[in-house]
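>>> let's see this in three dimensions:
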Amino acid sequence: MEFWNGDRRDFIRTGVSAAVGSSLYGGHLLAQTPTGDRPPNTDGVKVLFPRDRIPLTFIIDDSTCLVNMGHFGIPQFHACYPDREVYKKPWQTFPREIPDSFVRKFGEWCSENGVKGKYSIVPYPACVGWMDRELPGWSRMALLDSLNLVRDLMLPNWDIHPEMITHTRVINLKTGRPFEEINPSTMENSYPREKKSVDELAAYLAYALKILKNCGLPCEGVTTPGGFGNMVKPELSLAVQQAVRDVFQSEIPHFFKYVVGKEQSTEPTVEHVSGLGTSNLNLTVNIPAGTGDWFGGWEGDVTPQPDLYATADASAGQLVNLIERDQPGFFLCHWPGMYSNGTKAGFHAFQRVVDSIHEKYKERVHWMKLSEIARYWASKELTKITQQGDRITLDAPFECYDFTLKVEKKFAQLPVIQSENNDQQRLDEVQSRSKLQTGKWFKEKEKSVLCFQLSKGRSTIMLK
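Numbering: from 1, shown residues only. Predicted coordinates for the structure are as follows:
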């Protein structure tokens, strides 16, 4: 799998060329980051995507409570990169706030249409104020109301990630203030500029995670801003594992950093696996995006290009390309681009893309949060599957919903899955693949597809 090595903002600025598969992609992440242990598995049994559908997720960057990162971020980037045209935009004319009324409108529409994904909350957005303390320019009640809205409306369908601490300036953890110098080494989008240890990186991630924990926002993963961690990719993956487990005791830490090329796999990578088969299992799940941001940009003033995701009839576009290739449809945007400086043009373009995908592929896709994706891929990669005679044994390190297997055998009777504590799941047969869900199975010629709740520990399936 090839991953874009540079700043994610640089990727997004490549626009249409990225959509058609530019030569800008480079570097082999898998060659740099160890994947670790894997169990030996048997032939004749294959783990499919959940419910044998294409997973979809919507990855939202640069979101936070109230603060418009496009307005407050541009002058800070301009101070570091004064010659870059993108940072010379008239940020003073951009609204300082993305109001909760828009969050509510967006969240309710997504809930009604089954959309799930990841929603960042930058803890100290562009150094404006702290999510767990004060946000100058807004009352404390306004901040608390905004946090409550995220907890009540977004959490059921969205994973919350910190996007580092400020998304602009690097914070001195000893003082809680930005470093005085302004240069690429003190901007989070390009930090660090030299090798850092896992412990140093984990301390920085944990600082951000603790702020969101103070806000009552659970996190099972993190998002990196731009090129954060480009020089320390193996260490970063391990630092995510360490920080998320330390702060939230998450069983399966994950992160979003990379955007992959047009023809590359978008399947997550399970990295740094150690302790497989023991009670001290550790891992990190790396979840990439398969598109650029073509809705409205991180500045919020870019004209949306929804056809780059999917045309109105879903005959072309990168999301269509991914679905037709049986690849996960993980697509990307930035929150200021959804709001589009109050016009909501990006949001309207997004609605049209979702409607187009649903119209053509409603029974072929399955929306998931990033934590659900991470759990499924960890279970898919690390469950030991063996077959002896008429018995399949599953040794699973994690519980997993919608776990789906294809078995090279046609069952003569309803399959039964029995866990090690003697709980039984009897699967009911459905007549079409579109009806497949947990507790169901589907007969396909001489093969069978089973969907069930995978129990942690040992389970058996009798082949009769």
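
>>> ok, the host helix or strand of residue 405: who's next to it in the sheet?
Assessed by DSSP states H and E, residue 405 sits inside strand 400-407. Strand 400-407 pairs in its sheet with strand 45-47 (antiparallel), strand 447-454 (antiparallel), by DSSP bridges.

>>> what's the most buried one of the ones you listed?
Of all the strands paired with strand 400-407, strand 447-454 has the most neighbours on average by mean count of other Cβ atoms under 10 Å, namely a mean of 21. Placement of C-beta: from N, CA and C, glycine included.

>>> keeping just the C-alphas, turn that one into CSV.
Output of strand 447-454 as CSV, limited to C-alpha atoms (Å, rounded to 0.1, in the frame of the first residue of the first chain):
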residue,chain,number,x,y,z
LYS,A,447,-20.6,-21.9,-0.2
SER,A,448,-22.1,-20.4,2.8
VAL,A,449,-21.8,-16.8,4.2
LEU,A,450,-22.4,-16.5,7.9
CYS,A,451,-22.8,-13.2,9.9
PHE,A,452,-22.8,-13.3,13.7
GLN,A,453,-21.6,-11.7,16.8
LEU,A,454,-18.1,-12.9,17.4
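
>>> for the helix or strand following that strand, packing partners?
Scanning forward in sequence from strand 447-454 by DSSP H and E, the next helix or strand is strand 457-462. When contacts are defined as 3 or more Cβ pairs under 8 Å, 6 or more residues apart in numbering; DSSP states H and E, strand 457-462 sits against strand 391-396, strand 416-419.

>>> which one of the ones you listed has the lowest average pLDDT?
Of all these, mean pLDDT reaches its minimum on strand 416-419 (a mean of 89).

>>> for this structure, where's the lowest mean pLDDT among helices and strands?
Least confident element among the helices and strands of the chain, by mean pLDDT, DSSP states H and E: helix 16-19 (a mean of 36).

>>> helix, strand or coil: sort out residue 228 for me.
Look at residue 228: counting by DSSP: H, G, I helix; E, B strand; the rest coil, its state is coil.

>>> ok, which of the strands paired with strand 400-407 comes nearest residue 147?
strand 447-454 (32.6 Å; Cβ to Cβ).

>>> confidence score at the residue nearest the centre of the chain?
Against the mean C-alpha coordinate of the chain, by Cα atoms, centre = their mean, the closest residue is residue 370 at 4.2 Å. For residue 370, the pLDDT comes out at 98.

>>> burial of the closest residue to residue 434 other than its chain neighbours, as a residue count?
The shortest distance from residue 434 to any non-neighbouring residue, by Cβ to Cβ, 6 or more residues apart in numbering, is to residue 363 (4.0 Å). For residue 363, the neighbour count with other Cβ atoms under 10 Å is 13.

>>> now residue 363: which helix or strand?
Here residue 363 is assigned to no helix or strand, by DSSP H and E.

>>> my guess is it meets residue 437, correct?
No: with contacts counted by Cβ atoms under 8 Å, residue 363 stays clear of residue 437, the gap being 11.8 Å.

>>> so what's the residue nearest to residue 332 when sequence neighbours are not counted bridging to?
Excluding the flanking residues, the one nearest residue 332 by Cβ to Cβ, 6+ apart is residue 289, at 4.2 Å. Listed by DSSP bridges, the beta-bridge partners for residue 289 are residue 259.

>>> one step back: I figured the residue nearest to the centre of the chain hits residue 289, correct?
No: using Cβ under 8 Å, residue 370 is not in contact with residue 289; the gap is 10.6 Å.

>>> closest to residue 162 out of the strands paired with strand 400-407?
Across these, closest to residue 162 is strand 447-454 (Cβ to Cβ), at 29.7 Å.

>>> residue ranges with poor pLDDT in this protein?
Counting by pLDDT under 70, the low-confidence segments of the chain come to 1-32, 464.

>>> give me that answer again for 90
Applying pLDDT under 90 to the chain flags residues 1-34, 36-37, 40-44, 261-263, 387-391, 408-416, 418-425, 432-433, 443-447, 462-464.

>>> pop the domain breakdown of it in here.
Domains of the chain are assigned by automatic domain parsing as 8-32+54-363, 383-462.

>>> near residue 338, how many other residues are there?
26.

>>> from residue 161, how far out is residue 407?
36 Å (Cβ to Cβ, to the nearest Å).

>>> more neighbours: which of the two?
Between residue 407 and residue 161, counted using other Cβ under 10 Å, the more crowded position is residue 161 (31 against 19).

>>> please report phi then psi for that one.
For residue 161, the backbone dihedrals (degrees, to the nearest 10) come out as phi -120, psi 140.

>>> that one and residue 122 touch, don't they?
No: counting by Cβ under 8 Å, residue 161 stays clear of residue 122, with 9.4 Å between them.

>>> common neighbours of these two, please.
In terms of Cβ atoms under 8 Å, 6 or more residues apart in numbering, residue 161 and residue 122 are not both contacted by any residue.

>>> after the helix or strand hosting residue 377, which helix or strand is next?
Per DSSP H and E: residue 377 is located in helix 370-382. For helix 370-382, the succeeding helix or strand toward the C-terminus, using DSSP H and E, is strand 384-388.

>>> which non-adjacent residue is nearest residue 241?
Excluding its sequence neighbours, the residue lying closest to residue 241 (Cβ to Cβ, 6+ apart) is residue 284, at 4.3 Å.

>>> ok so, going back, looking at the domains of the chain, which is buried most?
Ranked by mean neighbour count, the domains of the chain are led by domain 8-32+54-363 with a mean of 20 (mean count of other Cβ under 10 Å).

>>> ok, now which ones touch residue 79?
Residue 79 neighbours (Cβ under 8 Å, 6+ apart): residue 182.

>>> if we go to 10 Å?
If a contact means Cβ atoms under 10 Å, 6 or more residues apart in numbering, then residue 79 has 87, 168, 169, 182, 183, 187 as its contacts.

>>> ok, now residue 215?
65, 121, 123, 130-133, 143-144, 147, 150-151, 160.

>>> can you do 8 Å?
Residue 215 neighbours (Cβ under 8 Å, 6+ apart): 121, 131, 132, 147.

>>> any idea how far it is from residue 377?
28 Å.

>>> can you pull out the helices in this protein?
With helices called from DSSP state H, the chain shows them at 8-13, 16-19, 29-32, 69-80, 100-112, 140-149, 198-214, 233-248, 318-324, 335-339, 345-361, 370-382.

>>> what's the fifth one packed up against?
For helix 100-112, the packing partners by 3+ Cβ pairs under 8 Å, 6+ apart come out as helix 140-149, helix 335-339, helix 345-361.

>>> make CSV from those helices and add distance to residue 294 to it.
Shown next, in CSV, are the helices and strands packed on helix 100-112 (distance: least, Cβ to Cβ, whole Å):
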stretch, distance to residue 294
helix 140-149, 27
helix 335-339, 9
helix 345-361, 8
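
>>> with respect to residue 247, which of those helices lies nearest?
Closest among the helices and strands packed on helix 100-112, using Cβ to Cβ: helix 140-149, at 17.6 Å.

>>> now tell me what touches that closest one from outside.
Residues from elsewhere that reach helix 140-149 (Cβ under 8 Å, 6+ apart): 65-66, 100, 103-104, 107, 129, 131, 134-135, 215-217.
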